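K.L.:
Based on what follows, work out the 3D shape:
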Amino acid sequence: MRSLIKLGVSERLAISCGITSKGPCRSSKTKGINIAISNEFLARQGLISLKDLWINIHYSS
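P.N.:
Below is the predicted model of the structure:
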């Protein structure tokens with residue numbers, strides 16, 4: 001919960017993510033996790049978007 005709050009998730013939402021009995025795969029689809037680990041966050045970490053890569057390969061001029 002502390003990590004989610006540090007990443008900008010509200011305290012209430014972080015608590016609901018922290019006390020869930022869902023596994024990691026199902027938890028990854030929750031709003032709190034998606035706020036904390038957004039596509040922008042992943043890009044800042046140096047990861048590439050497979051969707052953007054696929055579009056560039058198939059639709060580049």
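
K.L.:
For the residue nearest the centre of the chain, give me its contacts.
P.N.:
By C-alpha atoms, centre = their mean, the chain has its centre lying nearest to residue 37, at 2.8 Å. Applying C-beta atoms under 8 Å, 6 or more residues apart in numbering to residue 37 gives the contacts residue 7. Heads up, the C-betas are built off the backbone N, CA and C, glycines and all.

K.L.:
Phi and psi next, for it.
P.N.:
Main-chain torsions, residue 37, degrees, to the nearest 10: phi -120, psi 70.

K.L.:
Show me where this structure has its helices.
P.N.:
2-6, 11-18, 24-27, 31-36, 39-44, 50-59 (DSSP state H).

K.L.:
Can I get those helices in JSON lines including mean neighbour count and mean pLDDT?
P.N.:
Below are those laid out as JSON lines (neighbours: other C-beta atoms under 10 Å; pLDDT from 0 to 100):
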{"stretch": "helix 2-6", "mean neighbour count": "13", "mean pLDDT": "93"}
{"stretch": "helix 11-18", "mean neighbour count": "16", "mean pLDDT": "93"}
{"stretch": "helix 24-27", "mean neighbour count": "10", "mean pLDDT": "90"}
{"stretch": "helix 31-36", "mean neighbour count": "17", "mean pLDDT": "94"}
{"stretch": "helix 39-44", "mean neighbour count": "11", "mean pLDDT": "93"}
{"stretch": "helix 50-59", "mean neighbour count": "9", "mean pLDDT": "92"}
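
K.L.:
Who are the contact partners of residue 15?
P.N.:
residue 1.

K.L.:
Quickly note the distance from it to residue 22.
P.N.:
14 Å (C-beta to C-beta, to the nearest Å).

K.L.:
And residue 39, by the same measure?
P.N.:
The value you get for residue 39 to residue 22, if C-beta to C-beta is used, is 22 Å.

K.L.:
ok, residue 30 touching residue 14?
P.N.:
No - Residue 30 is not in contact with residue 14 according to C-beta atoms under 8 Å; the separation is 10.7 Å.
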